[in-house]
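# structure of the sequence below:
(one chain, ligands or ions: 2)
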Amino acid sequence: MPLPIAELHLHIEGTLEPELAFALAARNGVTLPHADTDALRRAYDFQDLQSFLDLYYALMDVLRTEQDFADLADAYLARAAAQGVRHAEIFFDPQAHTQRGVELGTVVEGLWQALGRSEERHGVSTRLIMCFLRDESADSALATLKDAEPYLDRITGVGLDSAEVGHPPAEFREVYEAAAALGLRRVAHAGEEGPPAYITEALDVLGVERVDHGLRCLEDPALVERLVRERIPLTLCPLSNVRLRAVDTLADHPLPAMLDAGLLCTVNSDDPAYFGGYAGDNLDAVRRTLGLDEERLRELARNSFLASFLDDDEERRARYLAEVEAYRF
Ligand SMILES: Nc1ncnc2[nH]cnc12
Ligand SMILES: [Zn+2]
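Ligands and ions are numbered 1, 2, ... in the order given. Predicted structure coming up:
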């Protein structure tokens, strides 16, 4: 039995496995530019975040109907459950779909078909986090938040993703203020490729409660001290960092140093179909390559539930935390 964890950094569109991409392409009459799943997998040789995003957005063309989004999310939940995920806070990118003519309602209703039965089917509780694309305008983000109003009972929070460098968090101050006024939780990608100043801005200007990635905080000791003091969770994604070349090799990943520094780290999969593994695969990889011992792994699992948005269900959080403490490796 795998270690129970919460996955807090997972883009549902990044769970589109090549086999499902081809099946949906056939179902929807879409022609992919790749000959077959092997050819598509060979394209997963990324230089940086942008080279990944180019393929990630292109492949979304196969996602057209509610059923497609339901199938995508259901496949993720099944895989995640098998790897120990007990609770998943799932990102989606509405603008990547509405821009190509797929309505927001199709996306949310489709995802909800899978999320609504996830506990019964997979034993995984879920939350949905709507991300704004930071390489689109702040006005587009505001329009997206407005469009989402009919679905807010299904959306727990907002996030900020896509190409980071040159798109500082402060550009999205207004939409984050509006989201907060609607009672939404706030997170943002920062310090994946962008500088530590973006992490500070995400905290001070956007009011985020968690930082997605946050890897580059290590370049600013005062920021590290603040993140430790304020117990700001970081949702790290080790295999993603290797594939997108934020670190040279997994052996160079600073996770052990970050834990030693007292940072509230969690381990997540980001876009598992593209980066070579789901949440449990990420934990296995850091255990083997970075030599994390059992107590460090238990700490990562505990952190994941502490950092989750289960504040509306403390009884459940306590149950998950008890499972972590009782776990025998
Ligand atoms: N790792 C990542 N960083 C920024 N935007 C993303 N969208 C999907 N995965 C992402
Ligand atoms: Zn991400």
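# spell out which parts of the stretch 101-250 of the chain neighbour ligand 1.
Asp161, Ser162, His189, Glu192, Ser240 (C-beta under 6 Å from any ligand atom). Where you see a C-beta, it was placed from the backbone N, CA and C, and this is true even at glycine.
# please, which helix or strand holds the closest residue to Ser125 other than its chain neighbours?
Spatially, and ignoring its direct neighbours in sequence, Ser125 is nearest to His87 (4.7 Å; C-beta to C-beta, 6 or more residues apart in numbering). Assigned by DSSP states H and E, His87 belongs to strand 85-92.
# next helix or strand past that strand?
Next helix or strand after strand 85-92 toward the C-terminus (DSSP H and E): helix 94-98.
# so how far is ligand 1 from the closest residue to Phe92 other than its chain neighbours?
With sequence-adjacent residues excluded and distances taken as C-beta to C-beta, 6+ apart, Phe92 is closest to Ile12, at 5.1 Å. Per C-beta to the nearest ligand atom, to the nearest Å, Ile12 is found 10 Å from ligand 1.
# would you confirm that Ile12 contacts Ala96?
No: judged on C-beta atoms under 8 Å, Ile12 makes no contact with Ala96 at a distance of 10.9 Å.
# sorry, back to before: state the pair within the residues of the stretch 101-250 of the chain next to ligand 1 that is farthest apart.
Ser162 and Ser240 (14.1 Å; C-beta to C-beta).
# just to revisit the earlier point, surely the residue nearest to Ser125 touches Leu310?
Yes: taking contacts as C-beta under 8 Å, His87 lies within contact range of Leu310: 6.7 Å.
# which secondary structure state does Arg27 sit in?
helix (DSSP: H, G, I helix; E, B strand; the rest coil).
# what sits against it?
Arg27 makes contact with Asp68, according to C-beta atoms under 8 Å, 6 or more residues apart in numbering.
# of Ser162 and Ser240, which one has the most company?
Comparing Ser162 with Ser240 by other C-beta atoms under 10 Å, the one with more neighbours is Ser240, at 29 against 20.
# mind checking how far that one is from Glu209?
21 Å (C-beta to C-beta, to the nearest Å).
# what's the answer for Val85, then?
Val85 is 21 Å from Glu209, by C-beta to C-beta.
# with Arg302 instead?
Using C-beta to C-beta, we find Arg302 at a distance of 18 Å from Glu209.
# for the residue in the stretch 51-200 of the chain that ligand 1 sits nearest to, grab phi and psi.
Closest residue of the stretch 51-200 of the chain to ligand 1, C-beta to the nearest ligand atom: Asp161 (3.5 Å). Backbone torsions for Asp161, taken as degrees, to the nearest 10, come to phi -140, psi -170.
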